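Visitor: using only what follows, build the 3D model:
(one chain, ligands or ions: 1)
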Amino acid sequence: MSRLLTDDEVTRQLAELPGWSRAGSAIVATVEAPDFPAAVRLVVAVAEDAEQMNHHPDIDIRWRTTRWLLTTHDAGGLTQLDIELAHRISQAARAEGASLRG
Ligand SMILES: C[C@H](O)[C@H](O)[C@H]1CNC2=NC(N)=NC(=O)C2=N1
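Guide: From the prediction side, this is the model:
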């Protein structure tokens, strides 16, 4: 099982994840897609990555806006899996012409 990241490790790695921020034991991001189909394609693309990683995001989909919450439930907080999945979500968002808000 992945170990919990220290606060310093989280802070340093968030600096390389524009649009992501810490929310307690999770990291969160809001993504604006060009339209609803693009938002759903983004979710489908990430679903493939998540299944391959066996690490799954909490996702809220409302029209063009998707909200993502990442935490490692088995560890009760943030692990490197959450950081890796955040990078994959950001990459998939760029591929769909979507932008991370904030
Ligand atoms: C049994 C299975 O491997 C675990 O439940 C996996 C599935 N996906 C997961 N996703 C997330 N975000 N955290 C977990 O701890 C987790 N555990």
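Visitor: report the contact partners of residue 32.
Guide: Taking C-beta atoms under 8 Å, 6 or more residues apart in numbering, we find residue 32 in contact with 64-65, 98-101. C-beta here means a position set from N, CA and C on the backbone, and glycine is covered the same way.
Visitor: beta partners for it?
Guide: Taking DSSP bridges, one obtains residue 65, residue 99 as the residues bridged to residue 32.
Visitor: closest to the ligand among the contacts of residue 32?
Guide: residue 100 (19.2 Å; C-beta to the nearest ligand atom).
Visitor: check contacts around the closest one.
Guide: Contacts of residue 100 (C-beta under 8 Å, 6+ apart): 18-20, 29-32, 90, 93.
Visitor: just the buried ones out of those, please.
Guide: Buried members of the contacts of residue 100, scored by 16 or more other C-beta atoms under 10 Å, are 19-20, 29-32, 90, 93.
Visitor: burial check on the residue lying closest to residue 3 once chain neighbours are set aside, number of neighbours?
Guide: The shortest distance from residue 3 to any non-neighbouring residue, by C-beta to C-beta, 6 or more residues apart in numbering, is to residue 79 (6.5 Å). A count of neighbours around residue 79, defined by other C-beta atoms under 10 Å, yields 21.
Visitor: ok, residue 79 to residue 44 distance?
Guide: Plainly put, residue 79 is 24 Å away from residue 44 if you go by C-beta to C-beta, to the nearest Å.
Visitor: hmm, back to that, which one of the contacts of residue 100 sits closest to residue 5?
Guide: Comparing the contacts of residue 100 against residue 5 with C-beta to C-beta picks out residue 20 as the nearest, at 13.5 Å.
Visitor: among the buried ones among the contacts of residue 100, which are located in helices?
Guide: Of those, the ones assigned to helices by DSSP state H are 90, 93.
Visitor: save the buried ones among the contacts of residue 100 as JSON lines, and put in pLDDT and distance to residue 7 too.
Guide: JSON lines is the format used below for the buried ones among the contacts of residue 100 (pLDDT from 0 to 100; distance: C-beta to C-beta, whole Å):
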{"residue": "19", "pLDDT": "98", "distance to residue 7": "20"}
{"residue": "20", "pLDDT": "98", "distance to residue 7": "15"}
{"residue": "29", "pLDDT": "98", "distance to residue 7": "19"}
{"residue": "30", "pLDDT": "98", "distance to residue 7": "23"}
{"residue": "31", "pLDDT": "98", "distance to residue 7": "25"}
{"residue": "32", "pLDDT": "98", "distance to residue 7": "29"}
{"residue": "90", "pLDDT": "98", "distance to residue 7": "21"}
{"residue": "93", "pLDDT": "98", "distance to residue 7": "26"}
